[in-house]
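Asks: structure for the following, please:
(one chain, ligands or ions: 1)
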Amino acid sequence: MRQGGNEVFWELDVTSGLSRASYGSNMADTGVVEALLRLVEKADDGVDSVQVASRLGVDHQVVVGAVKSLQALGDVISADLCSSKHWELTEEGTEIAEQGSHEARVFSSIPLEGLVQSELMKLSFGKIGFSKAMSNKWIRVDKTHEGGPRIFRTVDSIVDQVQEKLLLLQKGSGSELEEKEKNELKKRKLLSEVTVKSYWITKGSSFSTTITKQETELTPEMMANGSWKEKKFKPYNFEAMGVAPDSGHLHPLMKVRTQFRQIFLEMGFTEMPTNNFIESSFWNFDSLFQPQQHPARDQHDTFFLSDPALAHEFPQEYLQRVKKVHSEGGFGSQGYKYDWKIEEAQKNILRTHTTAVSARMLYKLAQQKFTPVKYFSIDRVFRNETLDATHLAEFHQIEGVVADYGLTLGDLMGILHQFFTKLGITKLRFKPAYNPYTEPSMEVFSYHEGLKKWVEVGNSGIFRPEMLLPMGLPEGVSVIAWGLSLERPTMIKYGINNIRELVGHKVNLQMVYDSPICRLDS
Ligand code: PHE
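Replies: The predicted structure is shown next:
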């Protein structure tokens with residue numbers, strides 16, 4: 001049911017989209033409507049919907065529904081909303097009405113020779129009953145008695161007024177009691193006051209016990225044979241709520257991204273601007289000390305742009321330092337000793353990793369007075385790879401970068417432990433690896449409890465001085481970084497085995513609608 005119970009009959013209209021009030025779509029409800037009309041017919045000054053419900057043995061809301069559907073037919077009935085208050089026994093009150101008040105039960109459990117107090121206290125009604133019976137002066141305590149304090153009756157008989165009053169209220173004769181008495185019972189939580197909203201139903205100007213079902217649709221047949229002239233049509237209900245429009249749904253990748261973003265933010269990281277899929281080879285490769293003959297650059301891995309094929313704006317001094325460190329070396333490095341060409345660096349590509357963004361950000365940082373930073377990014381990258389069940393030509397990378405004086409491999413391992421622990425991954429191992437821009441480099445493995453083996457979860461390293469010093473970062477500043485794909489944890493989390501079920505034209509949108517939000521640590 002949509003809102004309150006009053007909407008019983010309206011629900012059907014809402015889901016069918018047409019806003020005509022309908023009744024009788026269900027036999028039981030039709031029966032209630034007819035029975036209600038017969039009761040209204042017999043009662044001269046009207047009936048109360050609560051009483052109708054109890055006479056018909058149905059829930060009050062069903063009668064309310066019948067009232068509403070009759071109202072929609074015009075003036076068959078008139079119904080006025082009224083609210084009345086009445087007293088109702090609480091669970092404890094009902095128990096007392098049946099078994100007597102606690103104090104009366106205490107009184108009757110004390111024999112003539114008295115009862116040891118500790119024995120009395122063991123009874124469920126003992127504690128409350130004892131103090132009430134004491135203040136009623138029905139019992140007394142003899143503390144001098146050997147064997148502990150003993151309770152004796154002080155009167156021969158009692159009248160259990162509490163029980164009597166509750167019985168009166170239960171019978172519906174509460175009016176014989178004074179307000180004060182009822183409030184006292186309320187204070188003892190034996191009684192509560194409830195407000196009941198009901199309809200006072202009387203005959204309307206066009207009252208009838210036989211109601212013709214109103215038409216909800218004007219059909220071509222009715223128009224052709226003229227029968228529409230005799231028909232009664234149900235009025236539109238412009239108050240009914242329409243069908244809720246389908247709202248947007250986040251793709252599972254975006255849900256997992258939200259979680260990773262949250263983890264980085266909790267760790268004090270700032271998000272880098274990743275809003276450029278197109279990048280120059282300079283920032284994607286050269287600034288990262290990746291030589292121009294590196295296999296990753298050739299046609300197999302990188303998508304090159306044909307228009308505009310080349311980038312033209314570079315920070316000139318920095319570009320010269322990059323050229324020098326590649327071709328001649330410097331900053332304590334021999335370089336690669338090859339003929340570095342600006343034409344190669346100018347080539348526009350679809351970025352192959354978000355480390356290009358990290359390079360831009362670190363260069364920017366080096367142009368200011370250095371302060372330690374923690375950066376992250378989560379965005380799309382592109383690789384001209386053979387497609388299979390787990391690889392597409394585009395995917396998302398998650399990258400973390402920390403720059404400060406004197407950071408070591410130990411800091412990197414520590415941060416990775418903290419990061420992966422927040423993902424619910426606690427067992428980590430590191431394996432030496434190679435990246436042109438980091439030294440040392442480590443692949444990160446975690447123990448997969450399901451697969452019972454170590455699986456690769458990321459790549460990491462300390463950026464080389466050949467990358468950082470030409471940017472102008474102070475000597476002594478080291479930058480640790482790591483990266484992983486967003487697709488891998490998403491596929492694991494949502495139990496998707498083929499990447500094509502997650503991304504691309506074969507994706508079933510229902511999968512997107514139905515995927516729950518993601519909690520990485522659970
Ligand atoms: N850029 C690397 C990749 O494409 C990931 C990485 C980021 C490695 C930062 C080390 C440091 O896989």
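
Asks: where exactly do the helices run in the stretch 201-350 of the chain?
Replies: 220-225, 252-266, 281-284, 316-327, 342-346 (DSSP state H, counting those that start in this stretch).

Asks: out of these, indicate the one that is most buried.
Replies: Of the helices of the stretch 201-350 of the chain, the one with the most neighbours on average (mean count of other CB atoms under 10 Å) is helix 281-284, at a mean of 25. In this view, the C-beta of every residue, glycine as well, is placed from N, C-alpha and C.

Asks: for that one, name the packing helices and strands.
Replies: helix 342-346, strand 348-350, helix 355-366 (3 or more CB pairs under 8 Å, 6 or more residues apart in numbering; DSSP states H and E).

Asks: can the shortest one be found next to the ligand?
Replies: I take that to be strand 348-350. No. Contact of strand 348-350 with the ligand (CB under 6 Å from any ligand atom) is absent, the minimum separation being 13.5 Å.

Asks: now that strand: how far from the chain's centre is it?
Replies: How far strand 348-350 lies from its chain's middle: 39 Å, per CA atoms, centre = their mean, to the nearest Å.

Asks: so what sits opposite Phe463 in the bridge?
Replies: With DSSP bridges applied, Phe463 shows beta-bridge pairing to Thr438.

Asks: gap between it and Met121?
Replies: Using CB to CB, to the nearest Å, one gets 76 Å for the distance from Phe463 to Met121.

Asks: got it, and Trp228?
Replies: Trp228 is 81 Å from Met121, by CB to CB.

Asks: closest approach to the ligand from the chain, which residue is it?
Replies: Gly483 (2.9 Å; CB to the nearest ligand atom).

Asks: now for the closest residue to that residue other than its chain neighbours: which residues touch it?
Replies: Spatial nearest neighbour of Gly483, excluding adjacent residues (CB to CB, 6 or more residues apart in numbering): Glu399 at 4.4 Å. Residues near Glu399 by CB atoms under 8 Å, 6 or more residues apart in numbering: His353, Thr354, Thr355, Val357, Ser358, Phe376, Ser377, Ile378, Ala481, Trp482, Gly483.

Asks: same question for Leu56.
Replies: Contact analysis of Leu56 by CB under 8 Å, 6+ apart lists Val32, Ala35, Leu36, Val63.

Asks: now do Gly174
Replies: When contacts are counted by CB under 8 Å, 6+ apart, Gly174 touches His86, Trp87, Leu168, Lys182.

Asks: buried ones among those?
Replies: Listed as buried from the contacts of Gly174 are Trp87, Leu168, Lys182; burial here means 16 or more other CB atoms under 10 Å.

Asks: now, which of those lie within helices?
Replies: Leu168, Lys182 (DSSP state H).

Asks: turn the buried ones among the contacts of Gly174 into JSON lines, including pLDDT and distance to Ala240.
Replies: JSON lines is the format used below for the buried ones among the contacts of Gly174 (pLDDT from 0 to 100; distance: CB to CB, whole Å):
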{"residue": "Trp87", "pLDDT": "85", "distance to Ala240": "37"}
{"residue": "Leu168", "pLDDT": "90", "distance to Ala240": "46"}
{"residue": "Lys182", "pLDDT": "89", "distance to Ala240": "42"}
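
Asks: if we can go back for a sec, neighbour-wise, which one of the contacts of Leu56 leads?
Replies: Highest neighbour count within the contacts of Leu56, by other CB atoms under 10 Å: Val63, with 29 neighbours.

Asks: okay, that residue and Ala72: tell me how far apart.
Replies: 15 Å.

Asks: before we move on, what about Thr90?
Replies: 39 Å.

Asks: how about Lys422?
Replies: Lys422 is 56 Å from Ala72, by CB to CB.

Asks: residues from this protein in reach of the ligand?
Replies: Checking the chain against the ligand by CB under 6 Å from any ligand atom, the hits are His353, Thr355, Glu399, Asn435, Thr438, Asn459, Ser460, Gly461, Ala481, Trp482, Gly483.

Asks: that older thread, out of the helices and strands packed on helix 281-284, nearest to Phe304?
Replies: strand 348-350 (5.5 Å; CB to CB).

Asks: can you list contacts of that closest one?
Replies: Strand 348-350 is touched from outside by 277-281, 284, 302-305, 308-311, 381-382, 394, with contacts defined as CB under 8 Å, 6+ apart.

Asks: follow-up on the earlier one: so which of Thr90 and Ala72 has more stuff around it?
Replies: Using other CB under 10 Å, the more surrounded residue of Thr90 and Ala72 is Ala72, with 19 against 16.

Asks: the strands in the stretch 401-522 of the chain, which residues?
Replies: Taking DSSP state E, counting those that start in this stretch, the strands of the stretch 401-522 of the chain run over residues 428-435, 438-448, 453-463, 477-485.

Asks: can you name the residues bridging to His448?
Replies: Lys453.

Asks: number of nearby residues for Pro432?
Replies: Applying other CB under 10 Å, we find 9 residues neighbouring Pro432.

Asks: contact partners for it?
Replies: Counting by CB under 8 Å, 6+ apart, Pro432 has contacts Pro440, Ser441, Met442, Glu443.

Asks: look up how far Leu36 lies from the nearest residue to Pro315 once chain neighbours are set aside.
Replies: Spatial nearest neighbour of Pro315, excluding adjacent residues (CB to CB, 6+ apart): Tyr363 at 7.3 Å. Here Tyr363 is placed at a distance of 80 Å from Leu36 (CB to CB).

Asks: re the thing from before, neighbour count for Phe463 and Met121, which is higher?
Replies: Phe463 (26 against 12).
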